[in-house]
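A.B. asks: Any chance you can model this:
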Amino acid sequence: MSDMKPTLPISIVALLVVAFLQVPVLVVVLTSFSETSYLTIPPQGWTLKWFAEVLSDPVYIRAIRNSLILAVSSTLLSLALGVAAAYALFRKAIPGSEAITALLMAPLIVPSVVIGVAMLQYVTLVGLRGSFLVLIVAHVVITVPYILRSALASLSGLDVSVEEAARVLGADGFTAFRLVTLPLIKPGLVAGALFAFVTSMENVPVTIFLASARQTTLPILIFSSVEMGVNPGVAAISTLLIVATVIVLLLAERWTGFHKFV
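C.D. replies: Prediction:
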C-alpha cells in the first residue's frame, strides 16, 4: 500500500495565497507611520507627520483634485453612455450588435500604452493636445467597457416581462426603464461604476501621454516621486488611497450588495 502524502485543504491554501498577496499592502501601511525619512521595516518609531505633510502639500492637493475631477467626470459619462449602449444592445435595437459590443469592449484587451500613444497622435493631429476635456474623453474610452459589461450582465438576468407590463399599464418607454428596469440593475451598475472609477483614478499609461504639467494626476505624481526615490510620504498617500478604497467598497456593498455582480 503506497504512502499517502498529507495535503493542505484548499481553503488553507487560498488563505495563504491571499495573505501573501497582502504583504506588500501591509509593508506600505507600516512604512507610512515610520519616523525615518526613508522606508524601513519594521518602522523606527510611529508618527503621523508624513500624512500631514502630503495633505498640506499644494502639489499633492492639486493632483488629488485633478484625479477626483477626472475620475468622477469619466465615470458619470461612462455610466450614461454604457447604460444606453447596453440597453440598446440587449434589446437588439441596432444591427450588428455583436460587432458593436466587441468594439466597445476592445479597450479591455488592447494595452493601455497603445491606447495612450494612439490618443496622443490623434489629439496632436487635430490640435487638441493639453485639453482636460480630451483627458476625460480618453478615460471614458477605457472605462466604458466596465459599465457595459456589468450592465449587460445585469440585463441578461432581467425578466423583460416586468418592463413590458409597465408599458401595458400606460408607462412610456423611458418611464418604464427609469422606474422598473433601472432599479433592478442598480447593483450591477454600482459594481461597474466602482471598477470604472478605480480604473480612471489609478490610470497612468493613458494619462501620462495626454496630461499637461498642470493636469498631473495623483498616480502620475506618485510614479514621478518613486523615480526620484521612495519616501514615507509616498507610502502615506498610498495608505490613504487604500483606506478610502476599502471604505467606499464597504459602503457600496452595504447599499447595493454589488458583490453578486462582480
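
A.B. asks: residue contacts, Met105?
C.D. replies: With contact taken as C-beta atoms under 8 Å, 6 or more residues apart in numbering, Met105 is in contact with 145, 148-149. From N, CA and C alone the C-beta is placed, and that goes for glycine too.

A.B. asks: can you rerun that using 6 Å?
C.D. replies: Pro145 (C-beta atoms under 6 Å, 6 or more residues apart in numbering).

A.B. asks: Look up how far Pro9 lies from it.
C.D. replies: Taking C-beta to C-beta, to the nearest Å as the measure, Met105 falls 37 Å from Pro9.

A.B. asks: likewise Phe197?
C.D. replies: For Phe197 relative to Pro9 (C-beta to C-beta), the value is 36 Å.

A.B. asks: now Leu16
C.D. replies: Separation of Leu16 from Pro9 (C-beta to C-beta) stands at 11 Å.

A.B. asks: Who has more neighbours out of the two?
C.D. replies: Leu16 (11 against 8; other C-beta atoms under 10 Å).

A.B. asks: Mind telling me which residue is nearest the centre of the protein?
C.D. replies: By C-alpha atoms, centre = their mean, the chain has its centre lying nearest to Val198, at 2.1 Å.

A.B. asks: Apart from its neighbours in sequence, what residue is nearest it?
C.D. replies: In space, and not counting its chain neighbours, Val198 is closest to Thr245: 7.1 Å by C-beta to C-beta, 6 or more residues apart in numbering.

A.B. asks: next one: Val59
C.D. replies: Closest residue to Val59 apart from its sequence neighbours, by C-beta to C-beta, 6+ apart: Leu221 at 6.9 Å.

A.B. asks: what's the neighbour count on the one you found?
C.D. replies: Leu221 has 21 neighbouring residues, counting by other C-beta under 10 Å.

A.B. asks: my guess is it meets Ala63, correct?
C.D. replies: Yes. Under the criterion of C-beta atoms under 6 Å, Leu221 makes contact with Ala63 at 4.3 Å.

A.B. asks: rewinding a little: could you check which helix or strand contains the residue nearest to the centre of the chain?
C.D. replies: Using DSSP states H and E, Val198 sits within helix 182-202.

A.B. asks: What is the longest helix that the chain contains packed up against?
C.D. replies: Longest helix in the chain, counting residues (DSSP state H): helix 58-90. Under the contact criterion of 3 or more C-beta pairs under 6 Å, 6 or more residues apart in numbering; DSSP states H and E, helix 58-90 touches helix 132-156, helix 182-202, helix 218-227.

A.B. asks: tell me the mean pLDDT over that helix?
C.D. replies: Across helix 58-90, the average pLDDT comes to 90.

A.B. asks: Report the buried residues of that helix.
C.D. replies: Within helix 58-90, the residues scored as buried using 16 or more other C-beta atoms under 10 Å are 60, 62-64, 66-67, 70-71, 73-75, 77-79, 81-83, 85-87, 89-90.

A.B. asks: helices or strands up against the helix or strand where Val23 lies?
C.D. replies: Assigned by DSSP H and E, Val23 falls within helix 10-31. Packing contacts for helix 10-31, counted by 3+ C-beta pairs under 6 Å, 6+ apart, involve helix 232-256.

A.B. asks: Quick one: work out the angle between the helix it packs on and helix 10-31.
C.D. replies: 130 degrees (axes from the mean of the first three to the mean of the last three C-alpha atoms, to 10 degrees).

A.B. asks: tilt between helix 232-256 and helix 58-90?
C.D. replies: 30 degrees.

A.B. asks: what helices or strands is helix 232-256 leaning on?
C.D. replies: Counting contacts by 3+ C-beta pairs under 6 Å, 6+ apart, helix 232-256 is packed against helix 10-31, helix 49-55, helix 182-202.

A.B. asks: need the ones you listed in TSV with mean pLDDT and distance to Glu163, can you?
C.D. replies: Compiled in TSV, those are given as follows (pLDDT from 0 to 100; distance: least, C-beta to C-beta, whole Å):
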stretch	mean pLDDT	distance to Glu163
helix 10-31	82	40
helix 49-55	83	47
helix 182-202	85	9
